[in-house]
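>>> Structure for the following, please:
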Amino acid sequence: MHPGLATRFDYDAIWGTVLNRFCVQAALGLPLTVYGKGGQTRGFLDIRDTVACVRLALEHPAAEGEYRVFNQFTEQFSVKALAEKVRQARAAHGLKTSIVHLPNPRVEREEHYYNAKHQKLLDLGLQPHYLGDTLIESVIETVERYSSRVDPVELEQPNVDWRRRASSASTSTRLAQRP
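Now for the predicted structure:
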């Protein structure tokens with residue numbers, strides 16, 4: 001409950017998630033930066049569901065010799081669709097948010113076939129918490145409250161070019177320089 005013990009919230013190009021980055025950008029009134037066309041699709045899982053998935057797997061162990069794989073996600077979004085969800089959440093409150101496309105610094109296809117299955121945990125009783133406007137707004141409100149801690153350099157242009165395996169600036173150096 002002590003504010004000094006809050007969970008890390010990464011939004012940088014290396015450790016952060018695209019949803020975190022978009023929420024920080026929206027909170028600061030910056031454009032949402034989509035790398036490339038934004039067709040890259042990823043699975044998403046609410047942190048509460050992460051814990052529930054582990055619990056369900058423990059409560060329903062595999063039979064002896066059985067091989068099981070649980071894909072831990074409940075929703076799939078392209079990066080572009082995720083940016084649009086954040087933009088729409090802000091628009092619901094009368095706030096304009098733009099989306100800009102930057103050259104993609106990552107080594108990945110602009111679009112790819114992504115059809116991962118995640119039914120097994122639902123069959124065991126997982127009750128998913130889906131990504132909605134209220135969660136997005138909650139994250140944005142938290143970022144607004146702590147906006148003085150945001151490093152705007154992390155949000156301007158990607159500071160890592162995954163093709164060269166080198167960073168234009170050291171994240172650890174920037175973090176060490178923060179008050």
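>>> ok, residue 16 - contacts?
10, 154 (C-beta atoms under 8 Å, 6 or more residues apart in numbering). All C-beta atoms are positioned from the backbone trio N, CA, C, and that covers glycine.
>>> Point me to the helix or strand that includes it.
In the assignment (DSSP states H and E), residue 16 maps to no helix and no strand.
>>> how close does residue 63 sit to residue 125?
Remark: distance between residue 63 and residue 125 (C-beta to C-beta, to the nearest Å) = 18 Å.
>>> ditto for residue 111
34 Å.
>>> which of the two has more neighbours?
residue 111 (14 against 11; other C-beta atoms under 10 Å).
>>> In this structure the more buried one contacts residue 36, no?
No. Between residue 111 and residue 36 there is no contact, the gap being 9.1 Å when judged by C-beta atoms under 8 Å.
>>> ranges for the strands of the chain?
32-35, 41-44, 75-78, 99-102, 160-161, 166-167 (DSSP state E).
>>> Any idea which of those strands gets closest to residue 23?
The minimum distance between residue 23 and the strands of the chain falls on strand 32-35, with 9.3 Å, by C-beta to C-beta.
>>> For residue 120, give me the pLDDT.
Residue 120 carries a pLDDT value of 93.
>>> How about the one 10 residues further on?
Model confidence at residue 130, given as pLDDT, is 93.
>>> Next up, phi/psi of it, please.
phi -80, psi 150 (degrees, to the nearest 10).
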